[in-house]
Every structure is written in structure tokens, then in C-alpha cells.
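Student: Everything below, folded, please.
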Amino acid sequence: MMRRGILALAAALFCSSANAQTQIDVPIAQARVIMAQAAVGGDPALAVEIANAILAQDPDDRDALVVLAVASPRLGDPKAGRAAGARAWRLSESPAQRYEAARVTALAAANAEELTLATFWLRLALISAPDEAERTRTINDARAVAQRNPWSTQLSFSLVPSNNVNGGAEDEDCSSLGVLTCTLSEDAVALTGWRGSFGFGTQYRLQESPTSRTIASLQYQAARVWITEDTSVPNDALSTNSLQLSLRHDRALENGTVSGTLSRAQVQYRDLDLSAGTTEDQSYDIWRVGIDRRFPLAERTSMSLSYRRELLIYGATGIGEVNRNSVSAGLTYGLQNGDQISGTATFTDSVGDLDNYTSQDQSLRILYGWSEPIGPIKLSAGGGIRWADYPVYAVGFNIDERQDTTVFAEANIGFPEVSFAGFTPGLRVDLSKVDSNVSRFDRTTFSVGFTINSQF
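Tutor: Numbers count the residues shown, from 1 in each chain. Sure, this is the predicted structure:
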């Protein structure tokens, strides 16, 4: 018989005789002590028996739930442990209790090979971590779980103010087209506004060994624009969506690594008829194959080489296909203080069914990354220059060679001391200026974007 404050326990729980059938009455406070000692002392079966007996009398006994979450996985029932831990978390009344419950639930989920769920509970634990030591411990545990997990999912979001959300020209004058009086339409001139983007990516590790791994991934990216100046250009004219499915294989060699990638993507955009004020859905497909080679040159110097072959197939009438080949070479040098400096040179050759899509593009880029925070921020910054040549370019009835020169700069600013559930905020700053012999493509773009990065 159960009485409030008293627990009837079989004497067999406290002695080695399997034939003992006597029951004894134990105060619940004493039963909790015995239960905790059993859980810590390596007798999970006894701990589970007492926990279940306490929960039969009080289903909301948080201490018993925590012990059940810890002991059940040791008896081969991690799902029961996860359920008990989740209930203990809901019943917790302080950050310390929520931290304890989240960690034991994460452990039970990991024992059940529910690794994505384990990561979720470790993020909840980080919200309530009592000090920096426990926060570091939990982050390290989450990284270990992420390494075991064949699934990896990323979410991204940004909302960026920009002086050129549509990639338009600096002004409406287009006299360089060879026409005495020429004015660009509203949608061809730079418009001020906000650009929002949302990204979702998930990948699954199909195969892994000490020398190779194969990963399949799916990525979705959406961009929306809100124009803040007076214009007849509708916001949805600048909306885009892209979806990409890819397969990647990495292999370790005696000297570095080699990777091969195969992907297929579709990009959706809107074609604007400004005079009618309407937009039409358009899209193009991208088939891509690539190979990357990375290898060390010296103790702190490494080199990368890559080749990409792309086929773009446009649905819009009159564009057709574009074949694109791209090669790049990069060097990375690690300084003695841990900072890194890297440089990349890229050449791209595009041949299109339509002359305007045929071009040669060369670029140089350099990036410097600080290994240690500078005050409260983590910083990397760089810039470069890009040259693009279109041998035959038609604008209206005017046909000529088009040449663009782009100078760009970028900075990524992280705030490692500010985190929530394992996520840290950041800022990305981009500045570019294009000078072209066709004034329609003269433009200056500046944007500052908010980013969120995971610590594991």
C-alpha cells in the first residue's frame, strides 16, 4: 500500500537473496537518496526500480525523472530515458535544473542514435549553462555528436539594406550606347531598398572511411526585395528562388586531398514588362561538374587547384544555352601567430548561343583572417579586382565590345562572445564598383548584412 511520504519497496532491492519477498516502508526522502546512490554507484537497475516506484506515486517528481533519464540508457532503453529527461526539463524551475535535464536528455538521445535530436537538446542546455566552463564542455560535446551524425542541416537568414538592390546603373544616362538622346528605364537604374534572403541546406554522409567520404546534399535559397523609393517597379520583379541537388566525393591522398562534385540546380526569377506592369516567371537550369585538388607546399603553405564545367539552359525565348569553363588556383599561408592570408586567381570562359552571354572573365582576390578576436570581434577582410570582356555585345541596335572592370572589398565580422543556443551573430559588409564602357553597367553597390553562424 502506498502512503503519502512513505514508499513500500521490496526487500529484494536491498539484499542479494532472490527469494526475499518482504516489503519495507521507506520515506520518499530516503528513497531518493538510495536512488541517487544507486545511479551514481553503478546499479542502474535499482535506480530505475526506485524511480518508477516514486513516479507511480508522484508522476511529476523531477528527481526521479532525471535518474530515469540517466539510468534507462544503461539498461538498453535510451528512448525511455529521453522521454523522462524531456519531462524533467519541462518541470524544471531554474536554469540549473533546465541545464541538467537538457544534458541528460541529450545523452539519452545520443545513446538511441538520435543524433540530430541530441544536438537540439545540447542547444537547449547551452541556453541555461551556468558558467563558461560548462558552456565550453557542452559545445565540445555538441561538436562530437555532429561528427558522428551523418545528417547535417543549416539554416541562414539575412536582411540587408542596399543602395542597389537590382544591380542597376548609377544614373539613367545611356549615351555610351551610341544614341544622342538615351534614357534608361526605371528598372535599369539602381534602386535603394532591402534584400532579405533565407537559406536551407541539408546533407547526408552516404559513406565514410579513414581515406574517403561521399556526401549528398540539397540546398534551397530564396531572396526577396523591398524597394524603399518611389518607383513603378514592383517588389516581386526582383524575387529569386534556387534549388540545388549535389553529390560530392572526397578522397585523401599521400599528399593532400582530391574532391569531385556533380550537381544540378534550377534558378527561378521574374521577367518584368515595365510598360504593362506585369511579371512573368522564368527559370534556367545549371548542370555542373567539378574537381578540386588541395596539397601542402611547405609547413605553413598550401595550394588549391580547381576546375568547373557548367551548362546553363535558359527557358526564356532567344537565350538558349551557355557553356562555361572555369579554372582557379589559390595559395594559403599561415603566419606564426595563427593568422592566415590567402589569394585566388580565377579564369572563366563562357560561350553562349546568344552573343551577349559569351565572355571571358579574370579575377584576383586576397583575404586576411585573424586567428584571435580583436577585442570583442572576430574579423576577416579582403578584396580584389575582376575584368570581364564581351567580344560582341548588343544593346538595342548598337553592337560593340563591352569591357567591365570591377573593384570589390568585403569584411566578415563575428561576435564570438555573444551566443545563444550555440549560434553567434555576425555582419558581412560588401562594397563593389563597376566601370564599363557601356554606361548601363556602371554601378556602385554597398550592403551590410546580418548573419548567424553555428558554433558546431
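Student: Only the buried residues of stretch 301-313, if you could.
Tutor: The neighbour-count check on stretch 301-313 (16 or more other CB atoms under 10 Å) flags Ser302, Ser304, Ser306, Arg308, Glu310, Leu312 as buried. Backbone N, C-alpha and C define where each C-beta goes, glycine included.
Student: so can I have TSV of those showing secondary structure, distance to Phe441 and pLDDT?
Tutor: As requested, the buried residues of stretch 301-313 are exported to TSV (DSSP: H, G, I helix; E, B strand; the rest coil; distance: CB to CB, whole Å; pLDDT from 0 to 100):
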residue	secondary structure	distance to Phe441	pLDDT
Ser302	strand	36	97
Ser304	strand	31	97
Ser306	strand	28	98
Arg308	strand	24	98
Glu310	strand	22	98
Leu312	strand	20	97
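Student: For Ser419, what are phi and psi?
Tutor: Backbone dihedrals for Ser419, given as degrees, to the nearest 10, come out at phi -150, psi 150.
Student: Have a look at the chain and report its longest strand.
Tutor: Determined from DSSP state E, the single longest strand within the chain is strand 278-298.
Student: Pick out the residue nearest the middle of this protein.
Tutor: Using CA atoms, centre = their mean, the residue of the chain that lies closest to the mean C-alpha position is Gln154, 3.6 Å off.
Student: From Gln221, how far out is the spatially closest residue to that residue that is not a sequence neighbour?
Tutor: The shortest distance from Gln154 to any non-neighbouring residue, by CB to CB, 6 or more residues apart in numbering, is to Gly201 (4.5 Å). Gly201 is 9 Å from Gln221, where distance means CB to CB, to the nearest Å.
Student: Any idea what the closest residue to Arg224 other than its chain neighbours is bridged to?
Tutor: Among residues not flanking Arg224 along the chain, Gly196 sits closest, at 4.9 Å (CB to CB, 6+ apart). With DSSP bridges applied, Gly196 shows beta-bridge pairing to Leu159, Arg224.
Student: Assess the claim that Gly196 and Gln221 are in contact.
Tutor: No: judged on CB atoms under 8 Å, Gly196 makes no contact with Gln221 at a distance of 11.6 Å.
Student: Which one's more surrounded, the two?
Tutor: Neighbour count, other CB atoms under 10 Å: between Gly196 and Gln221, Gln221 has more, with 17 against 14.
Student: Just the C-alphas of the host helix or strand of the residue nearest to the centre of the chain, formatted as CSV.
Tutor: Here Gln154, judged by DSSP states H and E, is contained in strand 151-162. Provided in CSV are the C-alpha atoms of strand 151-162 (Å, rounded to 0.1, in the frame of the first residue of the first chain):
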residue,chain,number,x,y,z
TRP,A,151,22.9,14.3,-41.3
SER,A,152,23.8,17.9,-41.2
THR,A,153,21.4,20.8,-41.6
GLN,A,154,22.0,24.5,-41.9
LEU,A,155,19.6,27.5,-41.8
SER,A,156,20.6,31.0,-42.8
PHE,A,157,18.7,34.3,-42.8
SER,A,158,19.8,37.9,-43.7
LEU,A,159,18.2,41.2,-44.1
VAL,A,160,20.4,43.7,-45.9
PRO,A,161,20.0,47.4,-46.7
SER,A,162,21.5,48.2,-50.1
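Student: Packing partners of it?
Tutor: Strand 151-162 is packed against helix 115-127, strand 193-209, strand 443-454, with contacts defined by 3 or more CB pairs under 8 Å, 6 or more residues apart in numbering; DSSP states H and E.
Student: What residues sit buried inside it?
Tutor: Ser152, Ser158, Val160, Ser162.
Student: Same question for stretch 223-237.
Tutor: Judged by neighbour count (16+ other CB under 10 Å), stretch 223-237 contains these buried residues: Ala223, Arg224, Val225, Ile227, Thr231, Val233, Pro234, Ala237.
Student: residues near the closest residue to Arg205 other than its chain neighbours, how many?
Tutor: Sequence neighbours aside, Pro150 is the residue nearest to Arg205 in space, at 4.1 Å (criterion: CB to CB, 6+ apart). Counted by other CB under 10 Å, the residues lying close to Pro150 total 14.
Student: tell me the pLDDT at Pro150?
Tutor: If you check Pro150, the pLDDT there is 94.
Student: What separation is there between it and Arg82?
Tutor: Noted for Pro150: a distance of 19 Å to Arg82, by CB to CB.
Student: Same question for Val438.
Tutor: 63 Å.
Student: Am I right that Ala45 sits in a strand?
Tutor: No: the assignment for Ala45 (DSSP: H, G, I helix; E, B strand; the rest coil) gives helix, which keeps it out of a strand.
Student: returning to that earlier point: with neighbour numbers in mind, choose between Val438 and Arg82.
Tutor: Shown here are Val438 and Arg82; by other CB under 10 Å, Arg82 has more neighbours (26 against 20).
Student: so that one sits in a strand?
Tutor: No: counting by three-state DSSP, Arg82 is not part of a strand but helix.
Student: which ones are touching it?
Tutor: By CB atoms under 8 Å, 6 or more residues apart in numbering, the contact list for Arg82 reads Ala69, Thr105, Ala108, Ala109, Ala112, Glu114, Leu117.
Student: Identify the residue spatially nearest to it, adjacent ones excluded.
Tutor: Distances taken as CB to CB, 6+ apart place Ala108 nearest to Arg82, at 4.0 Å, with adjacent residues excluded.
Student: Next: Asn412.
Tutor: Of all residues beyond its chain neighbours, the one nearest Asn412 is Ser380 (4.8 Å), with distances taken as CB to CB, 6+ apart.
Student: okay, now that neighbour: neighbour count?
Tutor: A count of nearby residues for Ser380, using other CB under 10 Å, gives 16.
Student: and if you look at Gly277?
Tutor: As a burial measure, Gly277 scores 11 neighbours (other CB under 10 Å).
Student: Look up the closest residue to it, ignoring the ones flanking it.
Tutor: Ser232 (6.7 Å).
Student: Can you check the pLDDT for the one you found?
Tutor: The model reports Ser232 with a pLDDT of 84.
Student: ok, so what distance separates it from Leu107?
Tutor: As for Ser232, its distance to Leu107 is 59 Å (criterion: CB to CB).
Student: circling back to that earlier point, can you give me the pLDDT of the residue nearest to the centre of the chain?
Tutor: 86.
Student: if we can go back for a sec, strand partners (parallel or antiparallel) of the longest strand of the chain?
Tutor: In the sheet, strand 278-298 lines up with strand 256-273 (antiparallel), strand 301-314 (antiparallel) (DSSP bridges).
Student: Other residues contacting the first one?
Tutor: Pointing back at strand 256-273 there. Residues outside strand 256-273 that contact it (CB under 8 Å, 6+ apart) are 187, 233-234, 236-251, 278-296, 302, 316.
Student: repeat for stretch 359-375
Tutor: For stretch 359-375, contacts defined as CB under 8 Å, 6+ apart pick out 337-350, 378-391, 416-417.
Student: any chance you could map the helices in this structure?
Tutor: Assigned helices in the chain, in chain order: 28-41, 44-57, 62-71, 78-91, 95-111, 115-127, 132-148 (criterion: DSSP state H).
Student: now for the ones you listed, which one comes closest to Leu191?
Tutor: Of all the helices of the chain, helix 115-127 sits nearest to Leu191, with 38.8 Å by CB to CB.
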